[in-house]
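Student: Could you look at this predicted model? Sequence included:
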There are 2 protein chains.
Amino acid sequence: MNGDKNVRTFTISQIADELDISTRTIRFYEEKGLIKPGRTAGNQRIYTARNKARLKLILRGKRFGFSLDDISEMIGMADTDMDELAQIEKSLYFGEAKLKEIQDRKKELSLLEQDILATRKKLLQRINKIRKEINHV
Amino acid sequence: MNGDKNVRTFTISQIADELDISTRTIRFYEEKGLIKPGRTAGNQRIYTARNKARLKLILRGKRFGFSLDDISEMIGMADTDMDELAQIEKSLYFGEAKLKEIQDRKKELSLLEQDILATRKKLLQRINKIRKEINHV
DNA sequence: CTTATAGCTTACGTAAACGTTAATTATAAA
DNA sequence: TTTATAATTAACGTTTACGTAAGCTATAAG
């Protein structure tokens, strides 16, 4: 075994294309401390598959309406050394809270679905009524 | 049967308290055309149970990261006369798209949960490692 | 009837999450 | 090696979703 397996890396625009976000967005997440890609000799960002996975995770959180601050507390800052117990325990504690939140959202997701289905039903009824009225003329 | 059954109404602050949002937020949603409460002789807003239910629906959508514009297209504008087929059909079309989106989010919700669980696992392992190191000293 | 709330409109303020130049440097292609 | 892309930082702009304060009116309580 050697250490340099799978060192396929990506540029910022490759990542942007694949994840369908702007390069600005990626840099913004870095500013916020959510990712920490490497740099080339010429100071350009290089992303590993691991960096990419982390970005996907961030985007997934976003799709559920979590703020970037929430997300950073959920998955931890990219540059924390993970050395202090306190830091880790804080992340754990936050993770538990978010897990509970996710449970709640799972339930609400069904409710939202039902609401939309109910709206659809009413709209269809309304359409039928209108069509009947038209036929009456 | 008569028409004036169940006419229990609410003031804006009653609604705000119950739904745990500000009165400003409620008025803002009205500005955006998402709700259309009645008015008293003195021009104050009065909310029916139906208005309240609609607000709950809006809030539910928000919890999933939908924008207010998305939501208004999902559940339809409050003041549309629901008279034109085109309008209704547009809402229906949008509703279908959103239902599909919800299906996708349901799947992603599990993925997000798993990600957090994986993070937790790693954190716990890290904690154990640190504790062992401490015992070694 | 007075007065304390509560509500109304108008309008400026703000935080989050990027968008959009601009000026400069790296890298890839010819 | 020149040149066309692509990337970098810095900084100001924008949109969404409200917050907040001001000045005025309605309604409930005493």
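Tutor: Perfect, thanks for sending it. Residues are numbered from 1 along each chain as shown, chains lettered A, B, ... in the order given.
Student: According to the record, where do the domains of chain A fall?
Tutor: According to the domain assignment given by automatic domain parsing, chain A is divided into the following structural domains: A:1-67, A:80-137.
Student: Out of those domains, which is closest to DNA strand C?
Tutor: Shortest separation from DNA strand C across these is recorded for domain A:1-67, at 2.1 Å, computed as Cβ to the nearest atom of the strand. Backbone N, C-alpha and C define where each C-beta goes, glycine included.
Student: got the residues of chain A near chain B?
Tutor: A:57, A:60-66, A:74-76, A:82-83, A:85, A:88-89, A:91-92, A:95-96, A:98-99, A:102, A:105-106, A:108-109, A:111-113, A:115-117, A:119-120, A:123-124, A:126-127, A:130 (Cβ under 8 Å from any Cβ of the partner chain).
Student: Kindly recompute the last result at 6 Å.
Tutor: Within chain A, the positions near chain B by Cβ under 6 Å from any Cβ of the partner chain are A:57, A:60, A:63-65, A:75, A:82, A:88, A:91-92, A:95, A:99, A:102, A:106, A:108-109, A:112-113, A:115-116, A:119-120, A:123, A:126-127.
Student: Identify whichever of the domains of chain A lies nearest to B:Phe28.
Tutor: Relative to B:Phe28, the nearest member of the domains of chain A by Cβ to Cβ is domain A:1-67, separated by 17.7 Å.
Student: Tell me how far that closest one lies from the chain's centre.
Tutor: Here the centre of domain A:1-67 is set off from its chain's centre by 13 Å, with Cα atoms, centre = their mean, to the nearest Å.
Student: Can you select the buried ones from the residues of chain A next to chain B in PyMOL?
Tutor: One line in PyMOL is enough to select the buried ones among the residues of chain A next to chain B; burial here means 16 or more other Cβ atoms under 10 Å in any protein chain shown:
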select buried, chain A and resi 57+60+63+64+75+88+91+92+95+102+109+112+113+115+116+119+123
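Student: which one of the domains of chain A lies closest to DNA strand D?
Tutor: It is, among the domains of chain A and with distance given as Cβ to the nearest atom of the strand, domain A:1-67, at 3.2 Å.
Student: Turn the domains of chain A into a markdown table, including mean pLDDT.
Tutor: Conversion of the domains of chain A to a markdown table gives the following (pLDDT from 0 to 100):
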| stretch | mean pLDDT |
| --- | --- |
| domain A:1-67 | 89 |
| domain A:80-137 | 75 |
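Student: could those go into JSON lines alongside distance to DNA strand D?
Tutor: What follows is the domains of chain A, written out as JSON lines (distance: least, Cβ to the nearest atom of the strand, whole Å):
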{"stretch": "domain A:1-67", "distance to DNA strand D": "3"}
{"stretch": "domain A:80-137", "distance to DNA strand D": "16"}
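Student: Let's have those domains in TSV, adding distance to B:Ile12.
Tutor: Formatted as TSV, the entries for these read as follows, by distance: least, Cβ to Cβ, whole Å:
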stretch	distance to B:Ile12
domain A:1-67	25
domain A:80-137	23
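Student: need the strands for chain A, in chain order.
Tutor: Using DSSP state E, the strands of chain A run over A:38-39, A:45-46.
Student: Deepest-packed of the ones you listed, please.
Tutor: The highest average neighbour count among the strands of chain A, using mean count of other Cβ atoms under 10 Å in any protein chain shown, belongs to strand A:45-46 at a mean of 18.
Student: could you say what helices and strands that one packs with?
Tutor: In terms of contacts (3 or more Cβ pairs under 6 Å, 6 or more residues apart in numbering or on different chains; DSSP states H and E), strand A:45-46 is not packed against any helix or strand.
Student: What is the burial count for A:Leu59?
Tutor: The tally of other residues near A:Leu59 (other Cβ atoms under 10 Å in any protein chain shown) stands at 16.
Student: Okay then, goodbye and thanks.
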